[in-house]
Structures are given as C-alpha cells and as structure tokens.
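In: mind folding the following:
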Amino acid sequence: MATSFYQQPEQHPYTPYEVACAALEFLGDQWGALPGPWGRTGHLRSGDHVPFTVGVCEAGHLYIRNDAQGDSAHLPFASTADLAAVGQAIAEAVDDLY
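Out: I've put the predicted structure just below:
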C-alpha cells in the first residue's frame with residue numbers, strides 16, 4: 001500500500017488481456033486469448049492447448065509465462081509503448097518459451 005502521493009502505482013494504458021489479444025495478430029489463427037480474473041492477467045492458448053499467462057509483476061514489468069513448463073520472460077516496455085509493438089514482442093517471447 002502506498003504511504004504517500006509519490007509512491008502511487010504506475011498506470012498502464014493497456015490491460016494484460018489487451019496485450020494478449022494484440023499478440024494474436026502475430027501468433028496466427030490457431031491461437032486464442034482469454035481474460036484472467038479481475039482483468040489482472042491475459043491468457044494465451046496455442047492450437048495444441050499449451051497455456052501462457054501475460055501479466056504485470058509486482059515491480060510493474062510486463063511478463064509472459066509458459067504455464068505448462070513454468071518458464072517466464074520479463075519484457076522491458078514503458079507503459080506508453082505502442083500496443084502493436086508490445087504484442088509483437090509477446091509473440092516473439094512465446095517462440096522462445098515454447
């Protein structure tokens with residue numbers, strides 16, 4: 001919990017679900033996206049049902065995790081980054097984690 005005005009959490013213009021949906025453009029039509037509870041995460045699922053989670057960690061960084069293997073990657077994006085660029089980076093990170 002923030003104890004002063006200067007410790008307020010950074011606002012992000014996109015939800016993790018919106019980022020997951022943006023990644024679909026680069027992943028192909030065999031992939032699907034679903035929102036997580038309370039809009040805190042986005043979930044990607046490949047054609048062979050491998051689940052991935054897109055979220056924001058406690059430090060405020062975007063991450064993607066292969067839920068089947070437990071491997072994850074943090075992505076160095078500012079909250080003002082272009083949604084399409086973030087979606088493309090998620091798609092490239094999926095290739096590395098698959």
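In: partners of the spatially most central residue of the chain in the sheet?
Out: Among the residues of the chain, the smallest C-alpha distance to the mean C-alpha position (Cα atoms, centre = their mean) belongs to V54, namely 2.8 Å. According to DSSP bridges, G42, I64 are recorded as the beta-bridge partners of V54.
In: pretty sure it contacts V19?
Out: Yes: counting by Cβ atoms under 8 Å, V54 does reach V19; the two are 5.4 Å apart. C-beta here means a position set from N, CA and C on the backbone, and glycine is covered the same way.
In: between those two, which contacts overlap?
Out: Overlap between the contact sets of V54 and V19, as judged by Cβ atoms under 8 Å, 6 or more residues apart in numbering, is given by G42, L62, I90.
In: contacts for the biggest helix by length in the chain?
Out: In the chain, ranked by residue count with DSSP state H as the criterion, the top helix is helix 83-97. Outside of helix 83-97, the residues within contact range by Cβ under 8 Å, 6+ apart are 14, 18-27, 44, 52, 54, 62, 64-66, 69, 71-73, 75, 77.
In: helices - which of those residues land there?
Out: Judged by DSSP H, helices contain the following of those: E18, V19, A20, C21, A22, A23, L24, E25, F26, L27.
In: which of the residues you listed are buried, as a ChimeraX select command?
Out: The ChimeraX command for the buried members of these (criterion: 16 or more other Cβ atoms under 10 Å) is given here:
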select :18,19,20,21,22,23,24,26,27
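In: possible to save the ones in helices among the contacts of helix 83-97 as a markdown table with distance to E58 and pLDDT?
Out: A markdown table is the format used below for those (distance: Cβ to Cβ, whole Å; pLDDT from 0 to 100):
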| residue | distance to E58 | pLDDT |
| --- | --- | --- |
| E18 | 20 | 93 |
| V19 | 18 | 93 |
| A20 | 20 | 94 |
| C21 | 24 | 95 |
| A22 | 23 | 95 |
| A23 | 22 | 95 |
| L24 | 27 | 95 |
| E25 | 29 | 95 |
| F26 | 27 | 95 |
| L27 | 27 | 94 |
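In: can you list the weak-confidence ranges in the chain?
Out: Per-residue confidence for the chain (pLDDT under 70) gives these ranges: 1-12, 79.
In: separate out the buried members of the shared contacts of V54 and V19.
Out: Under a neighbour-count criterion of 16+ other Cβ under 10 Å, the subset of those counted as buried comprises G42, L62, I90.
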